[in-house]
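> need a structure here:
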Amino acid sequence: MPLTAGIVGLPNVGKSTLFNAITKSQVEAANYPFATIQPNVGVVEVPDHRIDRLVELFHPKKTIYTTFEFTDIAGLVKGASKGEGLGNQFLSNIRLTDAICHVVRCFDDPNITHVENTIDPVRDIEIINLELILADLQTVENRISKVERKSKSTADKEAKAEMALLSKLKPHLEAGEPARSLQLSEEEALLVKNYNLLSSKPVIYVANMDEEGVMDPESNPYYQKVTAFAAKDHSEVVALCAKMEEELSSLDAEEKAVFLEELGLPQSGLDRLIQKAYRVLGLCTFLTAGEDECRAWTFKAGMKAPDCAGVIHTDFKRGFIRAEVYAFEDMDALESEHAIKEAGKLRLEGKDYVVQDGDVMHFRFNV
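Residues are numbered from 1 along each chain as shown. So this is what the prediction gives:
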C-alpha cells in the first residue's frame, strides 16, 4: 500500500483544483495489485530521473516507479474538532494519513470568495492547526482519564511512563502548540505514536498562487508569510498554481515538457510536491535494473539490506545471503554493468549493510 498524504484546506483555497490535477495524473491501479482506489484517492508516481536513465541503458520490458497516495479530505470548518460540518469524518480521514498537505490561498481574485472574507494565509493555517490541536487535546484528556488512577495506585511502570508523557503533552497542546513541536525522548516518541495524534504528522504547506505569482513566488507577500510561518513550524513549503497544474495534468509527457520549458520551469509544482512529500517522511529509493524490468522501491532511511530485500518479497529477507550493489552514479557514468565490474565498483554487502538512496541492488537468497 502506498504511503498517504491528506490534502486539507479551508473552502475556496484551491484544494479541489489541486486534487483534480492529481487524479488526472494518477497511475493505473492495475499496475499495483491489491490497491483499491477510492473516488477521493489518487495514486501518483514519484518522478525519478534515475529510473529514466536506467531505462535508457537497459531498455527493459517493464518500468515501475514508486508511488505516493493523496487523499482529498473534505468537510473542514471552524469547530471541526467539536463535530461541526463534516468534522468527525474529516478528522478520522486525517488519522489514516502519514503526512498532511495543507493548501493555503496566496492569490487575490474578487470572483472567488473566501470563507473568512479576506486573504490571510497565516490566519487560515492557524484555523486548521487549532482544530487539529483541539482534537488531539481531547484524545490526550480521554487517555489521561483511563491511565491516571492506574499510574497512582499500582507499581505499573508502563502506566507511570505513559502518565508522565501525557502530563507533558496536555499543557503543550493547551498552549496551542502542535504535538510535533514537543521535544520527546526516543522512548516517548515511540509511545506517542500509539495515540495517532493529528498535530504530530509532518506538514507541507502548499502555497496556491495565480499563474503570474508562481513565476516568482519569493516576491509574493502571501508566500513570504507562509514561508516565515513554516520556518517556525519546521515544515516544508511548495509554491504552485493549482489551476495550472490541472491544465498540465491533461497533457501528455512531451506536451507537458514543452509547456514547462516555455514557462522556464524545470518541473511541475505537482512533481515537486510529490517529491517533497516523499522526503518529509524519511523515505528513500533503491533500484533494481535489468532487461525484464527497471524498478524503484521505497524504503525508510536506515534500513539494512535484508529488510530492503523483504520490500521486494518476504522470501528474499528470510533467505538473504548477500546483496550485489553499485551506485546509480557509477552506472550513469560507466553505462554498463560490465564496465562497473571492470572498474571495481560492484560491491558485495552482507546483513549489516545500511542501504543508501540510489543504490542499484541485486539480492542473493536461498529458501
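
> what helix or strand is the residue lying closest to residue 165 once chain neighbours are set aside on?
Nearest non-adjacent residue to residue 165, counting by C-beta to C-beta, 6 or more residues apart in numbering: residue 188, 5.1 Å away. Heads up, the C-betas are built off the backbone N, CA and C, glycines and all. Per DSSP states H and E: residue 188 is located in helix 186-192.

> which residues touch that helix?
Residues from elsewhere that reach helix 186-192 (C-beta atoms under 8 Å, 6 or more residues apart in numbering): 161-162, 165, 168-169, 179, 184, 200.

> weed out the non-buried ones from the residues you listed.
Neighbour-count burial (16 or more other C-beta atoms under 10 Å) applied to the contacts of helix 186-192 gives 162, 165, 168-169, 179, 184, 200.

> so which of the contacts of helix 186-192 sit within helices?
With DSSP state H as the criterion, helices contain 161-162, 165, 168-169 from among the contacts of helix 186-192.

> farthest-apart pair in these, please.
Spanning the widest gap among these are 161 and 169, at 12.9 Å by C-beta to C-beta.

> figure out the helix or strand that residue 315 lives in.
Per DSSP H and E, residue 315 falls inside helix 314-318.

> contacts for that helix next, please.
306-307, 309-310, 363, 365, 367.

> which one of the residues you listed has the most neighbours?
residue 309 (28 neighbours; other C-beta atoms under 10 Å).

> helix, strand or coil for the residue most central in space within the chain?
The residue lying closest to the centre of the chain (C-alpha atoms, centre = their mean) is residue 277, at 3.0 Å. Three-state call for residue 277 (DSSP: H, G, I helix; E, B strand; the rest coil): helix.

> got it, and residue 5?
Assignment for residue 5 (three-state DSSP): strand.

> who's in contact with it?
The contact partners of residue 5, by C-beta under 8 Å, 6+ apart, come to 68-71, 97-101, 204, 277.

> next step: the residues you listed restricted to helices.
Members of the contacts of residue 5 lying in helices (criterion: DSSP H): residue 277.

> which segments of the chain make up each domain?
Structurally, the chain divides into domains by automatic domain parsing as follows: 3-47+66-121+200-280, 128-198, 302-365.

> now mean pLDDT too, for those, in CSV please.
CSV is the format used below for the domains of the chain (pLDDT from 0 to 100):
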stretch, mean pLDDT
domain 3-47+66-121+200-280, 83
domain 128-198, 90
domain 302-365, 97
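
> for residue 53, find the nearest of those domains.
Nearest to residue 53, of the domains of the chain and by C-beta to C-beta, is domain 302-365 at 5.7 Å.

> that closest one spans what distance, first to last residue?
The first and last residues of domain 302-365 sit 21 Å apart, counting by C-alpha to C-alpha, to the nearest Å.

> could you do stretch 182-189 as well?
The first residue of stretch 182-189 is 10 Å away from its last residue (C-alpha to C-alpha).

> likewise stretch 106-126?
End-to-end distance for stretch 106-126: 15 Å, by C-alpha to C-alpha.

> before we move on, what about stretch 313-331?
Using C-alpha to C-alpha, the end-to-end distance of stretch 313-331 comes to 25 Å.

> mind giving me the packing neighbours of the longest helix anywhere in the chain?
Longest helix in the chain by number of residues (criterion: DSSP H): helix 121-153. In terms of contacts (3 or more C-beta pairs under 8 Å, 6 or more residues apart in numbering; DSSP states H and E), helix 121-153 is packed against helix 87-95, strand 99-105, helix 157-174, helix 221-233.

> the contacts of helix 314-318 in strands, which ones?
363, 365 (DSSP state E).

> need the contacts of helix 314-318 in CSV with distance to residue 273, can you?
Shown next, in CSV, are the contacts of helix 314-318 (distance: C-beta to C-beta, whole Å):
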residue, distance to residue 273
306, 33
307, 28
309, 30
310, 29
363, 32
365, 36
367, 40
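
> closest to residue 333 among the contacts of helix 314-318?
Comparing these against residue 333 with C-beta to C-beta places residue 363 closest, at 23.9 Å.

> which one is the closest one nearest to, not counting chain neighbours?
Excluding the flanking residues, the one nearest residue 363 by C-beta to C-beta, 6+ apart is residue 309, at 4.5 Å.

> what residues are up against that neighbour?
By C-beta under 8 Å, 6+ apart, the contact set of residue 309 is 316-317, 320, 323, 363, 365.

> can you give me the first-to-last residue distance of stretch 215-225?
So stretch 215-225: terminal residues 17 Å apart, C-alpha to C-alpha.

> distance from that stretch to the middle of the chain?
23 Å (C-alpha atoms, centre = their mean, to the nearest Å).

> can you redo the buried ones among the contacts of helix 186-192 as a markdown table with distance to residue 213?
Listed next are those as a markdown table, based on distance: C-beta to C-beta, whole Å:
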| residue | distance to residue 213 |
| --- | --- |
| 162 | 47 |
| 165 | 43 |
| 168 | 41 |
| 169 | 39 |
| 179 | 33 |
| 184 | 38 |
| 200 | 32 |
